[in-house]
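Asks: could you look at this predicted model? Sequence included:
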Amino acid sequence: MNSLSEKHKRAVSSTIHILEKSIDEMMYMLTNHFDGTSYKVKEDIDDKRKTEILKKIKKLKKLIENFSAEYKLNKNVIIQSRVFESKKTFWGIYLEDISSDRLNKKYGAMSVDEKEYDGKLQNMINFIKSL
């Protein structure tokens, strides 16, 4: 029987968790079409290759499952409300970082009406806070 100390379990569990989340994101990207306003996913993997990748990803997930069971890794518990609240905070911080004041300091004067720009930015920040 393989047994890791609690410190080692935490370190290994965290890494495995990050790996699995990344794998899940890739699976989602391969099986769902999605584009945002600020990004576009270029689907350049043909269906045959997607099928191959998904098969291999599923096998990798099984390897992770077996590894986790063998070393009795701790399952990370994700509480939706905490994730949502922390995401909201980060969204606001990201938007505050592109205020005209901050952009002017980094890149020089803006070529748009700064008051209007900041007003629209603040509108998004206020909306995020209301969620």
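Replies: Structure received. Residues are numbered from 1 along each chain as shown.
Asks: name the SS class of residue 76, please.
Replies: At residue 76, secondary structure determined by DSSP: H, G, I helix; E, B strand; the rest coil is coil.
Asks: can you pull the contacts of it?
Replies: The neighbourhood of residue 76, defined by CB atoms under 8 Å, 6 or more residues apart in numbering, consists of 13-14, 17. Using the backbone N, CA and C atoms, a C-beta is placed for each residue, glycine as well.
Asks: find me the pLDDT at it, would you?
Replies: Residue 76 is assigned a predicted lDDT (pLDDT) of 88.
Asks: follow-up on the earlier one: in strands, which of the contacts of residue 76 appear?
Replies: Among the contacts of residue 76, no member falls in strands (DSSP state E).
Asks: just the buried members of those?
Replies: Among the contacts of residue 76, those buried by neighbour count (16 or more other CB atoms under 10 Å) are 13, 17.
Asks: which of the contacts of residue 76 sits closest to residue 68?
Replies: The nearest member of the contacts of residue 76 to residue 68, counting by CB to CB, is residue 13 at 7.8 Å.
Asks: so that closest one sits against residue 74, correct?
Replies: Yes. Under the criterion of CB atoms under 8 Å, residue 13 makes contact with residue 74 at 4.6 Å.
Asks: now for residue 73, how many residues are close by?
Replies: Here the count is done by other CB atoms under 10 Å, and residue 73 has 20 residues near it.
Asks: per-residue pLDDT of the residue lying closest to it once chain neighbours are set aside, please?
Replies: When the adjacent residues along the chain are set aside, residue 73 lies closest to residue 13, with 4.4 Å between them (CB to CB, 6 or more residues apart in numbering). The confidence metric pLDDT takes the value 94 at residue 13.
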